[in-house]
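Colleague: okay, structure incoming, though there's no sequence with it:
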C-alpha cells in the first residue's frame, strides 16, 4: 500500500455507495478515505467506513476495497483509496459495491473504529423495502443487542441472526425451551 499518492479529491463513501443497489460511480475512477474495519481475505481486500458516520437512511458509509498487490492495511488504519468502482454479485445475493484499488495510502495507524449502528428491531417490511433497509447498512459496523444466531457462518463469514423484536413464530427462531 502507498503507491502514487491518491491525487484526486476524496468523495464521501456515502456518495460512492449512492441511494440504490448500484453505485452511481460504477466503472468510474474515484478517491475516498476511511477507517479499515475488517479484512476480506477471500477477496484480497478490506472494508473501510467513514470515521464519523453521516449515516443517511438511504446510503451506506462503508465500502469494500480490493487490492491487486500486498500488503493489506490493518484494522484501525485510516487510509486514502483510489480505484475504479465495481459491483460484485454472487448468485441471488444483492450486489456489493467495491473499489478495485490501484492506490492505497495509510494516513494513520491504530485509529478508533467507527461507532456501530445499533439495530434494535428489523422493520416488518416487504422484500423491496427490506432490501433498501439492508443496502443502507452494506459493509457497516452494526450491533444487535441480545441477538439470537439462527444459522451457521457462511463462506463470507456472515452469521444469520435475529434481533430481539424479530424472535417470533415463523421467523426461524426456536426458543431454547421448545427444543427436544
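Modeller: That came through fine. Only a predicted model underlies this, so the values are computations on that prediction, with no experimental measurement involved.
Colleague: got the buried residues for the longest helix seen in the chain?
Modeller: Longest helix in the chain by number of residues, with DSSP state H as the criterion: helix 127-135. Buried residues in helix 127-135, counting neighbours by 16 or more other CB atoms under 10 Å, are found at 132, 135. Bear in mind the C-beta positions are built from the backbone N, C-alpha and C, glycine included.
Colleague: swap in stretch 77-84?
Modeller: Buried positions in stretch 77-84, judged by neighbour count with 16+ other CB under 10 Å: 77, 78, 79, 80, 81, 82, 83.
Colleague: mind putting those residues into JSON lines with secondary structure and distance to residue 65?
Modeller: Below are those laid out as JSON lines (DSSP: H, G, I helix; E, B strand; the rest coil; distance: CB to CB, whole Å):
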{"residue": "77", "secondary structure": "coil", "distance to residue 65": "11"}
{"residue": "78", "secondary structure": "strand", "distance to residue 65": "13"}
{"residue": "79", "secondary structure": "strand", "distance to residue 65": "8"}
{"residue": "80", "secondary structure": "strand", "distance to residue 65": "11"}
{"residue": "81", "secondary structure": "strand", "distance to residue 65": "5"}
{"residue": "82", "secondary structure": "strand", "distance to residue 65": "10"}
{"residue": "83", "secondary structure": "strand", "distance to residue 65": "7"}
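Colleague: would you map the helices across this protein?
Modeller: Using DSSP H, helices in the chain cover 13-17, 127-135.
Colleague: can you check the pLDDT for residue 93?
Modeller: Confidence at residue 93, expressed as pLDDT, is 73.
Colleague: no no, residue 34
Modeller: The model reports residue 34 with a pLDDT of 95.
Colleague: if the residue lying closest to residue 102 once chain neighbours are set aside is in a bridge, with which residues?
Modeller: Setting aside the residues directly before and after it, residue 102 is nearest to residue 83 in space (CB to CB, 6 or more residues apart in numbering), at 5.1 Å. Listed by DSSP bridges, the beta-bridge partners for residue 83 are residue 30, residue 101.
Colleague: so who does residue 83 touch?
Modeller: Contacts for residue 83 (CB atoms under 8 Å, 6 or more residues apart in numbering) come out as 29, 30, 65, 99, 100, 101, 102, 103.
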